[in-house]
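In: A structural model of the following input is requested.
(one chain, ligands or ions: 1)
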Amino acid sequence: MTQDQQNPPGPRAYRPGPDRAPKSDALVLFGASGDLAYRQIFPALQGLEAAGQLPPRVIGVARSEWTREQFIERAKASIQERGKYDERTFAALARKLDYIRGEYLERDTYQRLCDALGDAKHALYYLAIPPSLFDDVITRLAALKCDEGARVVVEKPFGRDLVSARTLDLVLHEYFRERDIFRIDHFLGKEPVQNILYFRFANTFLEPIWNRTHVERIEITMAEQIGINGRGRLYEEMGAIRDVLQNHLLQIAALLLMDPPVGHDPEAIRDAKGLAFKAMRPLDPGDVVRGQFEGYRNEPDVSAASDVETYVAVRLYVDSWRWAGVPVFIRTGKKLATTANEVFVTLKHPPHELFDDVMSSPANHLRFRLSPDVVLELGARAKKPGAGLTGEMVQLDAFHQHGDEVPAYQRLLADAMRGDQMLFARTDAVEASWRVVEPALVKPAPLHIYKPGTFGPAAADALLGGNWHDPA
Ligand code: NDP
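Out: Presented below is the predicted three-dimensional model:
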């Protein structure tokens with residue numbers, strides 16, 4: 001019997017995407033005059049138009065007193081500043097754009113929107129608005145039956161804590177099926193983040209060592225040189241834990257910690273990630289360091305006595321056979337020494353000392369540099385030429401050229417309009433991630449003030465028991 005006969009081939013590969021889901025035939029952008037729309041969504045729309053993926057109607061809804069022409073001008077300015085403006089593509093996009101000026105708490109806004117949607121049967125509603133308005137918008141859409149056959153994209157953060165996330169889910173599920181709810185986390189649309197998943201499971205050499213036997217610790221850093229960019233009001237409600245730890249950074253952790261997905265259906269990956277989230281232990285307040293950059297309290301719309309963290313570092317444990325006892329250190333902060341996102345996995349030293357210099361030198365590592373440059377790096381020891389058996393650290397670096405990458409928002413919007421959920425957060429993952437950070441929100445750790453241009457409070461080094469890997 002050949003090996004193939006013993007193991008008859010099943011479906012060959014994981015195939016992302018829905019099978020027969022209808023494509024969205026209109027895109028409605030709530031928050032059309034906002035910061036996110038300007039910085040990310042308009043450039044994504046032009047990309048979608050260029051790729052032939054934009055439906056015939058794109059309707060912006062916001063409060064600003066704009067005409068349709070002013071709205072188009074705003075889109076143009078955004079794409080010229082933030083995207084790759086192309087006159088012909090933009091002209092085609094502009095023909096699809098419409099604008100409805102309206103207050104989200106007034107029924108009339110939705111009446112005009114539903115009229116403008118005409119015969120569209122599968123609108124995609126993108127809620128790029130303050131989270132406090134999510135349920136107001138959803139219930140008003142539903143009151144006019146504009147929710148039927150539609151999909152909804154909800155921006156992060158999904159809730160403020162576990163209870164509010166569950167409440168929001170209840171509202172959403174009252175009107176939308178889970179498969180029509182897209183909880184967006186744009187990190188998941190980034191190519192280098194998707195590459196963590198791909199690299200782990202498209203290669204065989206990693207899996208045998210990807211566990212507590214070989215991994216000493218995992219570090220995840222998201223460092224930003226910028227401050228809060230005048231967004232004091234929003235940031236005061238958020239802080240670093242809600243802004244990025246609960247979503248972007250725990251999502252990256254889940255991609256690193258998950259087991260290989262089982263099966264081929266589109267939910268297989270989210271099932272495996274869901275289990276990884278479930279295994280994350282809620283943070284012990286002693287495993288959290290909070291910081292605030294010096295000068296934060298003088299920012300506009302920030303309280304002079306603000307206790308909001310602009311920096312957080314945590315030590316996370318994972319209760320699974322694979323990861324028991326392996327700490328996952330995660331940190332993020334504003335006004336740090338550099339802007340970089342990366343994962344640094346330190347492997348264990350060899351179990352037996354054969355050469356004098358090995359145990360006292362850094363161990364092997366694997367580095368996923370996610371931005372601003374994209375690098376995959378393997379750090380190992382090799383013998384130094386000459387007499388004796390001593391070595392040095394050598395690095396095998398694979399640089400990745402950005403080239404024709406699809407920007408995250410463009411990719412995610414295209415997926416949502418096709419009904420493909422794979423790169424969106426599922427409700428179990430969102431709940432589990434709130435459960436992880438909840439203790440740090442309920443009983444905040446003391447706040448350390450740190451100097452801008454540093455890597456945050458020294459207490460974060462104490463948490464790690466040494467120096468964090470320097471992403472600069
Ligand atoms: P902004 O405050 O810049 O924009 C809010 C938008 O909502 C504006 O278009 C505003 O209209 C509209 N709006 C607010 N209240 C009403 C109302 N009562 N009636 C009608 N329109 C209203 O927010 P952002 O764009 O920064 O953020 C939007 C969402 O995206 C938030 O959930 C945020 O967490 C999330 N997000 C933002 C990111 C960013 O980089 N900005 C990154 C990731 C997520 P108008 O201004 O005309 O009054």
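
In: What residues of stretch 422-435 count as buried?
Out: Of the residues in stretch 422-435, those buried under the neighbour-count criterion (16 or more other CB atoms under 10 Å) are 422-427, 429-435. Bear in mind the C-beta positions are built from the backbone N, C-alpha and C, glycine included.

In: and of the residues you listed, the nearest to the ligand?
Out: Sorting the buried residues of stretch 422-435 by distance to the ligand puts A425 at the head of the list, at 12.8 Å, by CB to the nearest ligand atom.

In: List the contacts of T338.
Out: Residues near T338 by CB atoms under 8 Å, 6 or more residues apart in numbering: A223, Q225, P471, A472.

In: Flag every residue of the chain that's near the ligand.
Out: Proximity of the chain to the ligand, by CB under 6 Å from any ligand atom, involves residues 31-36, 39, 62-64, 103-105, 128-131, 133, 155-156.

In: so of those, which ones are in helices?
Out: Secondary-structure check on the residues of the chain next to the ligand using DSSP state H: residues within helices are D35, L36.

In: From the ligand, how far off is F277?
Out: 20 Å (CB to the nearest ligand atom, to the nearest Å).

In: Isn't that residue up against T427?
Out: No - between F277 and T427 there is no contact, the gap being 11.0 Å when judged by CB atoms under 8 Å.

In: Tell me which residue of this protein lies closest to the ligand.
Out: Counting by CB to the nearest ligand atom, the chain gets nearest the ligand through G34, at 2.3 Å.

In: How far does stretch 25-45 sit from its chain's centre?
Out: The gap between the average C-alpha position of stretch 25-45 and the chain average comes to 18 Å, counting by CA atoms, centre = their mean, to the nearest Å.

In: Same question for it: list its buried residues.
Out: Per 16+ other CB under 10 Å, stretch 25-45 contains these buried residues: 25-34, 36-38, 40-45.

In: all helices of the stretch 351-472 of the chain, in order?
Out: 408-418, 427-442, 459-464 (DSSP state H, counting those that start in this stretch).

In: what comes into contact with the shortest one?
Out: Outside helix 459-464, the residues that touch it by CB under 8 Å, 6+ apart are 217, 219, 287, 289, 291, 311, 313-315, 329, 331, 448, 467-468.

In: Quick check: which of the residues you listed has the minimum pLDDT.
Out: Of all the contacts of helix 459-464, N467 carries the smallest pLDDT score, 91.

In: Now do the same contact list for that one.
Out: By CB under 8 Å, 6+ apart, the neighbours of N467 are D461.

In: any idea how far V343 is from it?
Out: 17 Å (CB to CB, to the nearest Å).

In: ditto for G295
Out: In this structure, G295 and V343 are 30 Å apart, going by CB to CB.

In: Between those two, point out the one with more neighbours.
Out: Legend: neighbour count by other CB atoms under 10 Å for G295 and V343, higher for V343 (24 against 14).

In: List the strands paired with the helix or strand harbouring the more buried one, with their directions.
Out: Under the criterion of DSSP states H and E, V343 resides in strand 340-347. Strands adjacent to strand 340-347 in the sheet, as given by DSSP bridges, are strand 215-223 (antiparallel), strand 365-371 (antiparallel).

In: would you put the C-alpha positions of the first one in CSV?
Out: Taking Å, rounded to 0.1, in the frame of the first residue of the first chain, the C-alpha atoms of strand 215-223 are listed here in CSV:
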residue,chain,number,x,y,z
VAL,A,215,10.9,28.8,23.6
GLU,A,216,12.1,30.9,26.5
ARG,A,217,9.9,33.9,26.0
ILE,A,218,8.1,35.9,23.5
GLU,A,219,8.2,39.7,23.2
ILE,A,220,5.8,41.8,21.2
THR,A,221,6.5,45.5,20.9
MET,A,222,4.4,48.2,19.3
ALA,A,223,6.4,51.5,19.7
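
In: Which residues does it contact?
Out: Under the criterion CB under 8 Å, 6+ apart, residues 209, 244, 248-249, 252-253, 256, 323, 326-333, 336-348, 363, 455, 464, 468-469, 471 lie in contact with strand 215-223.

In: Which pLDDT value goes with the residue located most distally from the centre of the chain?
Out: The outermost residue of the chain, judged by C-alpha distance from the chain's mean C-alpha position using CA atoms, centre = their mean, is A387 at 49.8 Å. According to the model's per-residue confidence, A387 sits at a pLDDT of 89.

In: Torsion angles phi and psi at it?
Out: phi -70, psi 160 (degrees, to the nearest 10).

In: how about low-confidence regions in this protein?
Out: Scanning the chain for pLDDT under 70 picks out 1-20, 401-404.

In: what residue is smack in the middle of it?
Out: Closest to where the C-alpha atoms of the chain average out (CA atoms, centre = their mean) is F187, at 2.9 Å.

In: Apart from its chain neighbours, what residue comes closest to it?
Out: Nearest residue to F187, sequence neighbours excluded (CB to CB, 6 or more residues apart in numbering): H248, at 4.1 Å.

In: Report the contact partners of E87.
Out: Contacts for E87 were tallied using CB under 8 Å, 6+ apart; there are none.

In: How about the secondary structure of the residue nearest to F187?
Out: When the structure is split into helix, strand and coil by DSSP: H, G, I helix; E, B strand; the rest coil, H248 lands in helix.

In: go on, R290?
Out: Per three-state DSSP, the local secondary structure of R290 is strand.

In: Dig out what it forms beta bridges with.
Out: So, taking DSSP bridges as the rule, R290 has V312, L447 as bridge partners.

In: Neighbours of it, how many?
Out: The burial count for R290: 26, using other CB under 10 Å.

In: Please tell me how far it sits from Q410.
Out: From R290 over to Q410 (counting by CB to CB), the distance is 35 Å.

In: what does Q292 give?
Out: Q292 sits 35 Å away from Q410 when distances are taken as CB to CB.

In: Also K278?
Out: Between K278 and Q410 the distance is 31 Å, computed by CB to CB.

In: between those two, who's got more neighbours?
Out: Residue environment comparison for K278 versus Q410 gives the larger neighbour count to Q410, 23 against 17, counting by other CB under 10 Å.

In: hang on, that one packs against A44?
Out: Yes - using CB under 8 Å, Q410 is in contact with A44, at 4.0 Å.

In: does L48 sit in a helix or strand, and which one?
Out: helix 42-50.

In: Need the contact partners of that helix.
Out: Contacts with helix 42-50, where a contact means CB under 8 Å, 6+ apart, come from 27, 54, 58, 74-75, 78-79, 82-86, 89-90, 92-93, 96, 406-407, 409-410, 413-414.

In: can you map out the strands along the stretch 201-350 of the chain?
Out: Shown for the stretch 201-350 of the chain, the strands assigned by DSSP state E, counting those that start in this stretch span residues 215-223, 288-293, 311-316, 328-333, 340-347.

In: export those to JSON lines and tack on distance to Q70?
Out: Listed next are the strands of the stretch 201-350 of the chain as JSON lines, based on distance: least, CB to CB, whole Å:
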{"stretch": "strand 215-223", "distance to Q70": "36"}
{"stretch": "strand 288-293", "distance to Q70": "37"}
{"stretch": "strand 311-316", "distance to Q70": "39"}
{"stretch": "strand 328-333", "distance to Q70": "37"}
{"stretch": "strand 340-347", "distance to Q70": "36"}
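
In: Show me which residues of stretch 283-298 are buried.
Out: For stretch 283-298, the neighbour count (16+ other CB under 10 Å) marks L283, D287, V288, V289, R290, G291, Q292, F293, Y296, R297 as buried.
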